[in-house]
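K.L.:
how would this look folded up:
(2 chains)
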Amino acid sequence: MSWLSRLNPRGPGSRSNRSAAPSSPCTADPETCLMVFENHWRQVSWVLEQRDTSSFSDDLTAVRNNTDQMLCLLAEERPAESADSGSCGAPIGPILELVITENILERLVQWHVRRGLDPDSQGALLKLFEMLIGQSQQPLLQHTAVLHPLLRLLGACADPELGCPPALENSLVLLLNQVCVSMARQPVVLEMLFHAAPAQQGSTNLLIFSLLVPFIHRDGAIGQQARDALLLVMAASASHEAVARYIAENSYFCPVLATGLSALYSSLPRKIEVRGDDWHALRREDWMGVSSLVLFMNSLEFCNAVVQVVHPVVRSQLLDYLHNGFLVPVMGPALHKSSVDEMIASTAYLDLFLRSITETSLLRTFLRFILLHCHDNDTILDTLLTRISSNSRLCMVSLSLFRTLLSLNCEDVMLQLILRFLLPCTHVMLSQRRAIRETDMYGKSANKFLSLIPECCRLNAAASAERDEDNPFWSKVFETFIVIKTIEKSVNISTPPRHSTPSRLSFFMRQQSGGGGSGGGGTSTSTNVDLLQSGPSGSHPLSPDSPKHQTHTEAFDWDAGYLEYLKDARRDIELCSWACRDWSAPYDGENPSPNTSPPPPAPPSSNPSVTLFPEHFSFQREGNSNTPPNQQREEAAASLSSEQQEEEEEQRSSALDQKLTDVRGDGSVMGVCSPARPLNQPASQPYTGPFMVVLFAKLENMLQNSLYVNILLTGIVAQLACYPQPLLRSFLLNTNMVFQPSVKSLIQVLGSVKNRIEAFAASHEDFPSMLRKAQQYLVARGKLDWADSPAAVPPLRRSDSLIKSRKPSLGDLILRHTNSPTRARHAAQLAFAHVRDGGQSLHSALFRGGSAGTSSLEKQAEALRVKNAVYSAVIFCEFLKELAALAQEHAVTLPFPQNQEAEE
Amino acid sequence: STFLYSENLGSFSPFPPDEEQGGHADQKTSPARTSHKKHLPPIPKNAVPITKPASVGTPSHLANGTHASYGPFYLEYSLMAEFTLVIKQKLPGIYVQPSYKSALMWFGVIFIRHGLYQDGVFKFTVYIPDNYPDGECPKLVFDTPVFHPLVDPVSGELDVKRAFTKWRRNHNHIWQVLMYARTVFYKINTAEPLNPEAAVLYEKDGQLFKSKVVDGVKLCNSHLFDQPKVDDPFAISFSPWNPAVHDEAKERMFTFKRRPEEHHKGAQVSGLSWVKPGSTQPFSKVDSPQS
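P.N.:
Numbers count the residues shown, from 1 in each chain, chains lettered A, B, ... in the order given. Reported below is the predicted structural model:
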């Protein structure tokens, strides 16, 4: 209801001061007022009586002056006091009584209309009525003596010949707005408006409504007033079936609203001009400066508000129009544009829309479109999925969109994305199906994840001396990550994601403020210095087999940062399972039954041209082909960290690399397609769906991804790992589970990344120092950005004043098409300077070894490669802790019962 | 110290956690009660003493640095997981609560509702080996030795080992021990008894056995309101029903709704689902007017 409460109409209170002035002498005594009124009326009626005399301007002036006075008196008049006040029919004041008995207003308006309504008088009348209705101390519109002349006047505005001159639009909308406000206060007025249309204007019996509709998509205050007013009509319609039917059947409201969105969408920038390699989603401050986007968002917000308040009849019509008039014909093609820039823009827009919608049924319309609508034989979802495997920006924007989708905790989304592929349980060895529901009782999986922290990332004792110098930074490093996670989650899940547009970058910015207060807190600062170092040692002594071996100090060092991950994991899992408590099934491997669930779609391997990411897991080492797959798997699982396994992983991943670059298809590559699963039977091959495949492929490639891709990517996998459904939980977090050979597990992917990091570290002597610098950079960048903009977390609900008062943020500059190109350019320079002085320069200083001196492309590419690899090592270690924490917390989380209470 | 439990005419009314964040609070997931106690409140495992808000084993607790006495990290989580399983099992008439001081010691009470031991209210303590889950099976010791063939008449220890000759991780869980402790009172086994006298009597003189059991139950119940033997804020203790204290507590227990700890204002109240139960198709639910 925020919309409605926001409409703070200019009620009697707000303007009484101003209007008190002209009629001040009369406020004192009702009888005097009546006399003065009668006096004015005498003069006016004398003029009105002059039937056929020419319209001398003197007459007009006289009538106007007197009318002004009269209507002021009428507006000022208080209802008569009576003994039974309030009980039945509010007693009316003497002036109003006179107005009614003499039918004064009707005669006035008729006189005006008869003599030909010039724009000047029309405007004056509109203003007078607006004043009257807005300020009257007593309800007026329920009297036909007021309502009918009003409708006559409005009828004139709707008249095709006379119409409403543009100059008067403001007055007209303001008047309509006032009428709607009083209608909302006195529902009886709606009834009267609806039934008691004046005879002349019978064609559209909800005149007010049809006058407002053209202003729905208007820019600025007039549009806002029109939307506010319409929304009041909509809210009123909720309890008036007849009005609702009228809106749905006799008005163009819904089509205008929906197709208007289409029109507005088409004027959005096709390309989002981006600076900063971290940008991946439109935040409010990004789009506030882009007028076309503001316009669109206003209309979308209006749709959302209408859906919220309107009668179901109108709602379902509106949703249909939105689907068929906006999403399918406009959004669909926009998402399928061939230029990458346009893909980025449309994906970012869709993400923004999803985050902005709050109404469930509107969200349903959007989700339905994404999940089920086919454009050129592909669902929108499939199209979006393929983009994850693309490069950098498009990938990030797509990941951001999926993060939004996941944060909805929507069963339908999860079903389409992942669960339907896991339902048949064919990805698991038959003997393992029972294990689907098991949780990590003894920390085995957690231990497994932690054991993958590469040796080279566990700083050895030798480095500790050096580290002490860096203490101020060090003490923050892990808080940073913890806080990243904390903030990410709090932004994404515990508050509706749609109200905010979190960017992972801003997590760095916010870490300082967050870390002090809630997150890391004081407890951990002293100890997380040692985190990296003690992490490794932790994994051995902490193994459940020998808990006693561990000293408390060790445990404490190791715990300190990890505890924050545990805390986060607990909260996120709780929130997620709370949100999923009304899902239709537990997805535990038994319900829905694996046998009855329809076979999921086959992997798209048979059509290489469509496949951006070939099936990379369908091959085995040939040497092993004699071994039963099951046994082979168990061996593999048992010896994941063994050297042999590393080799295998290397082989696999290099094969994968080759395969990924091979566009011709599967058959020829390495000749390793599983012979047991010929390509002509793709359905029989366990397949965990394109989403998991593309995420894992991207994850396996962590070293080549940019820092921001990795942050988003690991964030999404962690988000998935919060889901309590055993099918998903076991697939991601149960490291002991044995999958079918064609199914790659998360732990395998991570193992492969670990090996790559270690290989990289081995080939770079200065890896430890680079690693430390990378950590320092992240922290420093956080500090810098934080110092720069303390209000880094803008309130996201309408707070335009705040937005205005802010200096141009980086985000403001992202989009072209702003109102003032000069200002935008200026701001862009500022931002560039900011980036250069701050993060970037610091960053390049840290990595000077790679990029200094020569500007040869190769050197730059190499520097980038090194940079990405080092950052990915930092992220990787944190990610492992996060996963371990999630595995542990799942074991101690209780489910929420279904439907335990009515919604708030 | 504060006593959290009271027993009144068979209605067991533990004091609910003073605040929701009693760790893995589960005051409400255990409505499954057997027939003759419709209004039995949920299992009170995580009742929290008012003086000490953080309950055993929550990370926040650990973060305070007080985890030291609870031993190593995974062990504690394993025990929390065990405890979670106990809650999920909703064992009839059995209530447990880990000690404040050690996660390896759990206090419990068992209500016997019919059979020979009917009306028995037996307090007990579970001792978990510190190399859990790789050690022996946990011990279960009754505070007052119950007259029973499988209960040591001196120490009060129940012969758990016979049921768990080898404690196997992943297969054996603490809830099974608790379940076993319940079963022995309904299905009496006299083979290789710890209390031969009881065993012999049971076999030879049912009447005498029965009267001894009744005496034992009476004795046990007469000590119900005694102070707990162990000085531990989480020890289970009983007090006579005091409406001033317990009525409100009971009310709170019945109305308690568990919510995520950080479930606040803007949070997605419920996740979305338009999947018809039994279907695996998205948007298969008939479009009911939502919102």
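K.L.:
CA only for contacts and neighbour counts going forward, please
P.N.:
OK.
K.L.:
Show me where chain B dips below the pLDDT cut-off.
P.N.:
Within chain B, the stretches with pLDDT under 70 are B:1-73, B:262-270, B:287-291.
K.L.:
which residue ranges form the strands in it?
P.N.:
If DSSP state E is used as the criterion, the strands of chain B fall at B:5-8, B:11-12, B:94-98, B:105-111, B:121-127, B:139-142, B:157-158, B:238-239.
K.L.:
Compute the inter-axis angle for the fourth one and strand B:121-127.
P.N.:
Between strand B:105-111 and strand B:121-127, the angle comes out at 160 degrees (axes from the mean of the first three to the mean of the last three Cα atoms, to 10 degrees).
K.L.:
Strand B:105-111: partners in the sheet, and parallel or antiparallel?
P.N.:
Note on strand B:105-111: by DSSP bridges, its sheet partners are strand B:94-98 (antiparallel), strand B:121-127 (antiparallel).
K.L.:
For the first one, C-alpha coordinates in CSV please.
P.N.:
What follows is the C-alpha trace of strand B:94-98 in CSV, where atoms were taken according to Å, rounded to 0.1, in the frame of the first residue of the first chain:
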residue,chain,number,x,y,z
ILE,B,94,11.5,-38.1,25.7
TYR,B,95,13.1,-34.8,26.2
VAL,B,96,16.8,-34.0,26.1
GLN,B,97,18.9,-31.0,26.5
PRO,B,98,22.6,-30.7,26.2
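K.L.:
Convert the helix or strand containing A:Leu720 to PDB, retaining C-alpha atoms only.
P.N.:
The secondary structure element spanning A:Leu720 is helix A:707-722 (assigned by DSSP states H and E). The C-alpha atoms that make up helix A:707-722 are tabulated as PDB, following Å, rounded to 0.1, in the frame of the first residue of the first chain:
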ATOM      1  CA  LEU A 707      37.700 -10.900 -10.300                       C
ATOM      2  CA  TYR A 708      34.100  -9.700 -10.700                       C
ATOM      3  CA  VAL A 709      33.000 -12.700 -12.700                       C
ATOM      4  CA  ASN A 710      34.400 -14.900 -10.000                       C
ATOM      5  CA  ILE A 711      32.700 -13.000  -7.200                       C
ATOM      6  CA  LEU A 712      29.400 -13.300  -9.000                       C
ATOM      7  CA  LEU A 713      29.900 -16.800 -10.000                       C
ATOM      8  CA  THR A 714      30.900 -18.100  -6.500                       C
ATOM      9  CA  GLY A 715      28.100 -16.100  -5.100                       C
ATOM     10  CA  ILE A 716      25.600 -17.900  -7.300                       C
ATOM     11  CA  VAL A 717      26.900 -21.300  -6.500                       C
ATOM     12  CA  ALA A 718      26.800 -20.500  -2.800                       C
ATOM     13  CA  GLN A 719      23.300 -19.200  -3.200                       C
ATOM     14  CA  LEU A 720      22.300 -22.500  -4.800                       C
ATOM     15  CA  ALA A 721      24.000 -24.400  -2.000                       C
ATOM     16  CA  CYS A 722      21.700 -22.700   0.500                       C
END
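K.L.:
If you count contacts, what does it end up packed against?
P.N.:
helix A:392-407, helix A:504-517, helix A:552-579, helix A:689-700, helix A:726-733, helix A:857-891 (3 or more Cα pairs under 8 Å, 6 or more residues apart in numbering or on different chains; DSSP states H and E).
K.L.:
one more time with 7 Å
P.N.:
Here helix A:707-722 touches helix A:392-407, helix A:552-579, helix A:857-891, going by 3 or more Cα pairs under 7 Å, 6 or more residues apart in numbering or on different chains; DSSP states H and E.
K.L.:
How about residues contacting it?
P.N.:
A:278, A:392, A:396, A:399, A:403, A:572-573, A:576, A:702, A:729, A:732, A:868, A:871-872, A:879, A:883, A:886 (Cα atoms under 7 Å, 6 or more residues apart in numbering or on different chains).
K.L.:
From those, list the ones also adjacent to chain B.
P.N.:
When the contacts of helix A:707-722 are checked against chain B using Cα under 7 Å from any Cα of the partner chain, none falls in range.
K.L.:
Mean pLDDT for the helices and strands packed on helix A:707-722 - can I get that in JSON lines?
P.N.:
Below are the helices and strands packed on helix A:707-722 laid out as JSON lines (pLDDT from 0 to 100):
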{"stretch": "helix A:392-407", "mean pLDDT": "93"}
{"stretch": "helix A:552-579", "mean pLDDT": "72"}
{"stretch": "helix A:857-891", "mean pLDDT": "92"}
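K.L.:
So which of these is nearest A:Phe302?
P.N.:
For A:Phe302, the closest of those is helix A:392-407, at 21.2 Å, according to Cα to Cα.
K.L.:
could you redo the strands paired with strand B:105-111 as a markdown table and give each row mean neighbour count?
P.N.:
Conversion of the strands paired with strand B:105-111 to a markdown table gives the following (neighbours: other Cα atoms under 10 Å in any protein chain shown):
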| stretch | mean neighbour count |
| --- | --- |
| strand B:94-98 | 25 |
| strand B:121-127 | 22 |
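K.L.:
Now those in TSV, please, with extra columns for distance to B:Thr190.
P.N.:
Conversion of those to TSV gives the following (distance: least, Cα to Cα, whole Å):
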stretch	distance to B:Thr190
strand B:94-98	23
strand B:121-127	20
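K.L.:
nearest to A:Tyr565, of the ones you listed?
P.N.:
When the strands paired with strand B:105-111 are ranked by distance to A:Tyr565, counting by Cα to Cα, first place goes to strand B:94-98 at 24.1 Å.
K.L.:
any idea how far that closest one is from the chain center?
P.N.:
The gap between the average C-alpha position of strand B:94-98 and the chain average comes to 2 Å, counting by Cα atoms, centre = their mean, to the nearest Å.
K.L.:
Chain neighbours aside, what residue packs nearest to B:Leu201?
P.N.:
B:Phe209 (5.4 Å; Cα to Cα, 6 or more residues apart in numbering or on different chains).
K.L.:
hmm, back to that, can you redo the helices and strands packed on helix A:707-722 as a markdown table with distance to A:Gly220?
P.N.:
Conversion of the helices and strands packed on helix A:707-722 to a markdown table gives the following (distance: least, Cα to Cα, whole Å):
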| stretch | distance to A:Gly220 |
| --- | --- |
| helix A:392-407 | 29 |
| helix A:552-579 | 38 |
| helix A:857-891 | 45 |
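K.L.:
Can you tell me which of those helices is nearest to A:Met692?
P.N.:
For those, distance to A:Met692 was read as Cα to Cα. The smallest value, 12.1 Å, belongs to helix A:392-407.
K.L.:
Can you list the buried residues in the helix or strand just after that closest one?
P.N.:
Towards the C-terminus, the helix or strand next in line after helix A:392-407, according to DSSP H and E, is helix A:411-414. Within helix A:411-414, the residues that count as buried by 16 or more other Cα atoms under 10 Å in any protein chain shown are A:411-414.
K.L.:
same question, stretch A:449-458
P.N.:
By 16+ other Cα under 10 Å, the buried positions in stretch A:449-458 come out as A:449-458.
K.L.:
quick one: which of those residues sit in strands?
P.N.:
Secondary-structure check on the buried residues of stretch A:449-458 using DSSP E: no residue lies within strands.
K.L.:
Take the residues you listed and keep only those in helices.
P.N.:
Here DSSP state H is the test, and the buried residues of stretch A:449-458 give A:449-451 as lying in helices.
K.L.:
possible to save those as a markdown table with pLDDT and distance to chain B?
P.N.:
A markdown table is the format used below for those (pLDDT from 0 to 100; distance: Cα to the nearest Cα, whole Å):
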| residue | pLDDT | distance to chain B |
| --- | --- | --- |
| A:Phe449 | 93 | 14 |
| A:Leu450 | 90 | 12 |
| A:Ser451 | 91 | 14 |
